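build the 3D model from these lines:
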Amino acid sequence: MKYRTLGKTGMKVSVVGVGTWQFGGEWGRTFDDTDAEAIFNAARGTGINLIDTAECYGDHLSESLIGQAVLRDRDQWVIATKFGHKFHEPFKRDDVADPDAVRIQLEDSLRALRTDYVDLYQFHSLPDALFDTDGLWEMLLQQVDAGKVRHLGVSISAKNSQYQVDSTSRVGGETLQVIYNRLDRRPEDAIFPSCLNQNLGVLARVPLASGYLSGKYDTESKFSDRDVRAVWHKEDKRREQLTEAMRIKAEEVPPGMPMAQWALAWCLQHEAVTCVIPGCKSAEQVKANAAAADLEMVRDDHPQAYV
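Prediction:
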């Protein structure tokens, strides 16, 4: 495993982390303590130390599974969680930005994670109108002073709010989380330059483009009604994504190299990206993802960047 400094936080994080949205159980599979233990044992074995989660992946369910699995060596992990959504039931949430309500969310997250501090606490893809909620960031900085939060960050939605990116340092944030992959390069235009200018650590989520870049699918692949790709993408969008992924596999991925590992390493070549946070459903996937850190590859558009 290789490590990079997460922007101004000074924290050393593995270039490959573990995303845990799947622990919330909304996409057709339920995870339990045994599953989480296997996944994080695999992460330990590969040198992964960053975990990304959120209070609304289930009602603090993902955090609870993480808390149990890393209880014995909590200090060895960088735990990044988020705030801003009140979970009611699968696929039903309300936006939350009121300072008192967010403080309660933090306390609930600490209990679920079985810890007295969060390494990174992130504003979770709320609209611009809520970003500057009166008293929100002042309250969060008080939590930093109290030691309950070590660092603050911003996670932007798929709509990519440039305002929130450019305002991150102003409100005390030190990191940015954004969707970035070979099929979605929009952050390269203005988001990454702003991150570099502010010295923000960047967490790249959905680095496998919801699995389109895993190498497992083609244009004839079918997805169940509970599959994230069926819920989020219309058929023409899925076909477009799969067609482009097949072209990339044929023209860009070196022969014999697993496409998923290539796709993760591709993201890591950009000088702005600190860590990729792919989701995983098994210990085997964790190990396969971690292997991307060993790929020595240089992108033509970023010849100075390396893993």
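
now the lengthiest helix in the chain: how far from the chain's centre is it?
Determined from DSSP state H, the single longest helix within the chain is helix 235-251. Relative to its parent chain, helix 235-251 has a centroid offset of 23 Å by CA atoms, centre = their mean, to the nearest Å.

what does stretch 81-99 give?
Distance, centroid of stretch 81-99 to centroid of chain: 17 Å (CA atoms, centre = their mean).

start and end of it, how far apart?
Terminal residues of stretch 81-99 are spaced 17 Å apart (CA to CA, to the nearest Å).

pLDDT value on residue 95, please?
What the model reports as pLDDT for residue 95 is 96.

count residues in the vicinity of it, would you?
Using other CB atoms under 10 Å, residue 95 has 14 neighbouring residues. From N, CA and C alone the C-beta is placed, and that goes for glycine too.

any idea how far it is from residue 246?
According to CB to CB, to the nearest Å, residue 95 stands 37 Å off from residue 246.

just the CA atoms of the longest helix of the chain, as CSV, please.
In CSV, the C-alpha atoms belonging to helix 235-251 read as follows (Å, rounded to 0.1, in the frame of the first residue of the first chain):
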residue,chain,number,x,y,z
GLU,A,235,-31.7,2.5,-20.2
ASP,A,236,-30.2,4.8,-22.8
LYS,A,237,-27.8,6.2,-20.2
ARG,A,238,-26.7,2.7,-19.1
ARG,A,239,-26.1,1.7,-22.7
GLU,A,240,-24.1,4.8,-23.4
GLN,A,241,-21.9,4.2,-20.3
LEU,A,242,-21.4,0.5,-21.1
THR,A,243,-20.6,1.2,-24.7
GLU,A,244,-17.9,3.7,-23.7
ALA,A,245,-16.6,1.4,-20.9
MET,A,246,-16.2,-1.4,-23.5
ARG,A,247,-14.3,1.0,-25.8
ILE,A,248,-12.0,2.0,-22.9
LYS,A,249,-11.4,-1.6,-22.0
ALA,A,250,-10.4,-2.4,-25.6
GLU,A,251,-8.3,0.7,-26.3
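
contacts for the helix or strand following that helix, please.
Once the chain leaves helix 235-251, the next helix or strand it forms, by DSSP states H and E, is helix 259-268. For helix 259-268, the external contacting residues (CB atoms under 8 Å, 6 or more residues apart in numbering) are 15-16, 180-182, 204, 207-209, 213-215, 248-249, 252-254, 273, 276, 278, 288-289, 291-293, 295, 297, 299, 305, 307.

is residue 122 in a helix, a strand, or coil?
strand (DSSP: H, G, I helix; E, B strand; the rest coil).

test my guess that it contacts residue 177.
Yes - checked against CB atoms under 8 Å, the pair residue 122 and residue 177 is within contact range at 6.1 Å.

so what sits against both of these two?
Shared contacts of residue 122 and residue 177, counting by CB under 8 Å, 6+ apart, come down to 80, 153-155.

which pair of the residues you listed spans the longest distance?
80 and 154 (11.6 Å; CB to CB).

out of these two, which sits in the busier spot?
residue 80 (29 against 25).

what residues are up against the more buried one?
50-53, 118-122, 153, 175, 177, 203.

for the chain, what are the low-confidence residue spans?
Where the chain drops to pLDDT under 70, the residues are 27-28, 217-234, 296-299, 303-307.

please redo it, this time with the cut-off set to 80
The chain contains residues with pLDDT under 80 at 27-28, 217-236, 238, 296-307.

tell me where it has helices.
Using DSSP H, helices in the chain cover 33-46, 61-69, 99-113, 128-131, 136-146, 162-167, 191-198, 228-232, 235-251, 259-268, 283-290.
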